[in-house]
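1. the sequence and its predicted three-dimensional model are supplied below.
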Amino acid sequence: MTLSVDEAKPATADPTVLDVALDEDEAHTVEQLARELMDTFTSPHDLALFTELDAVAGAMPLTARRLAARARLGEQVGAVVFRGIPVHDGQIGPTPENWQSADTPASRLYAFEALLFGALLGDPIGWQAQQRGRIVTDIVPTQGMEESLVSSSSTKELGWHTEDAFSPHRADWVGLFCLRNPGSVATTVAGVELDAVPAAIREVLSQPRFYIRPDSAHEVTDTSELAPRALLTSDDEGAVLRADRDFVEPIEGDDQAVHAFQWLVDHLNSRLYDLVLRPGEMGFINNRVVVHGRRAFVPRFESARERWLKRVNIVRDVRVTRSGRASTAERAILAS
Ligand SMILES: O=C(O)CCC(=O)C(=O)O
Ligand SMILES: [Fe+2]
């Protein structure tokens, strides 16, 4: 039987989520550090910021650094969540109608906080073809986009994906800082249970027999140079998943690849786990180990208090992405 994502059972398999709640003093420390950075740099996309960000992150509370260290160096986790970060709802204004208008001065504090947490796991990157190369991007439901395949959708479930699966420079961690989430709409997460993968399927998934197109959040039109990729490989640390429910196409005429992809889709659908991020919670999804998406919801645009997340992509070491960037100082990855 093939389950569609909408029919998939929620929370069937916990993909190992580690979390920590900051106490008031710790939360205050984070806010102070973010305000100091903001006083100096004003914009979270300022290229001069990143060396200082790395240095200042050393003063983040030990509980936060300890959790990040476990995720970075030890256990193979699906996600980490930092809780207890105050969001001053009365001060951030209405939820913006679209990402274009979401980089507001009143919400910048949280962009800087997102960067500080991200710096505990690695270095932030952006994408030239996504939200104008911004380093901290915004996720808000947008009128007219309800049924689209991008994060501004709402009434349609956002299918599970590896973030920027098409690119060798994709993030190691996708950070989502929740400012508002009135309906407690879940982010979805799923990982592969390696022991459950039949050997023949695993063999096919590990071979370059699948095209991974850039998702529609990227304004990339020329995909003529795309090469086929593997979807499930492994490295020293375990399984590495690189997949996208809506943007993977097996090579034409390759029936084994079609079958293997369908197996993977069914497997991940059945393992989809609901991770609800509430205001003041920042989750980092392990983009090598799990795929993620978002449940469908009915937006109430007129409330002006709709769901709003700040997102930051983190790579373990920005230097590894050098060939994807225009210069060493640039943080945005070029088209592909
Ligand atoms: O809205 C969410 O919870 C996740 C959205 C997402 O997958 C993304 O923006 O990459
Ligand atoms: Fe995503």
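-> Now that the structure is in, tell me what you want to look at. Just so you know, these numbers come straight off a predicted model, no measurement behind them. Ligands and ions are numbered 1, 2, ... in the order given.
2. tell me which parts of the chain are close to ligand 1?
-> When proximity is defined by C-beta under 6 Å from any ligand atom, the chain lies next to ligand 1 at 139, 151, 158, 163, 174, 176, 187, 292-294, 309, 311. C-beta: built from backbone N, CA, C; applies to glycine.
3. in stretch 43-63, what counts as buried?
-> Neighbour-count burial for stretch 43-63 flags 43-45, 49-50, 53, 56-57, 60-61 (criterion: 16 or more other C-beta atoms under 10 Å).
4. mind giving me TSV with those and columns for pLDDT and secondary structure?
-> Converted to TSV, the buried residues of stretch 43-63 look like this (pLDDT from 0 to 100; DSSP: H, G, I helix; E, B strand; the rest coil):
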residue	pLDDT	secondary structure
Ser43	94	coil
Pro44	95	coil
His45	93	coil
Leu49	96	helix
Phe50	95	helix
Leu53	97	helix
Val56	98	helix
Ala57	98	helix
Met60	98	coil
Pro61	98	coil
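5. between the residues you listed, which is closest to Leu109?
-> Taking C-beta to C-beta as the measure, Leu109 sits nearest to Pro44 out of these, at 9.7 Å.
6. which ones are touching the closest one?
-> The neighbours of Pro44, taking C-beta atoms under 8 Å, 6 or more residues apart in numbering as the test, are 108, 111-112, 114-115, 134-136.
7. gap between it and ligand 1?
-> Counting by C-beta to the nearest ligand atom, to the nearest Å, the gap from Pro44 to ligand 1 is 17 Å.
8. name the nearest residue to that residue, sequence neighbours excluded.
-> In space, and not counting its chain neighbours, Pro44 is closest to Ala111: 4.0 Å by C-beta to C-beta, 6 or more residues apart in numbering.
9. any idea of the mean pLDDT for the strand or helix carrying the one you found?
-> Element membership for Ala111, per DSSP states H and E: helix 108-119. For helix 108-119, mean pLDDT is 98.
10. circling back: I'd guessed the residue nearest to Pro44 sits against Lys310; true?
-> Yes. Counting by C-beta atoms under 8 Å, Lys310 is a contact partner of Ala111 at 5.4 Å.
11. any common contacting residues for these two?
-> Shared contacts of Ala111 and Lys310 (C-beta under 8 Å, 6+ apart): Val136.
12. quick one: contacts for the residue lying closest to Pro228 once chain neighbours are set aside?
-> Nearest residue to Pro228, sequence neighbours excluded (C-beta to C-beta, 6+ apart): Pro208, at 4.4 Å. Neighbouring residues of Pro208 by C-beta under 8 Å, 6+ apart: 227-230.
13. out of the residues you listed, which end up buried?
-> Counted by 16+ other C-beta under 10 Å, the contacts of Pro208 give 229-230 as buried.
14. of the contacts of Pro208, closest to ligand 1?
-> Distance ranking of these against ligand 1, using C-beta to the nearest ligand atom, places Arg229 first at 19.2 Å.
15. how long is stretch 315-329 from one end to the other?
-> End-to-end span of stretch 315-329 (C-alpha to C-alpha, to the nearest Å): 15 Å.
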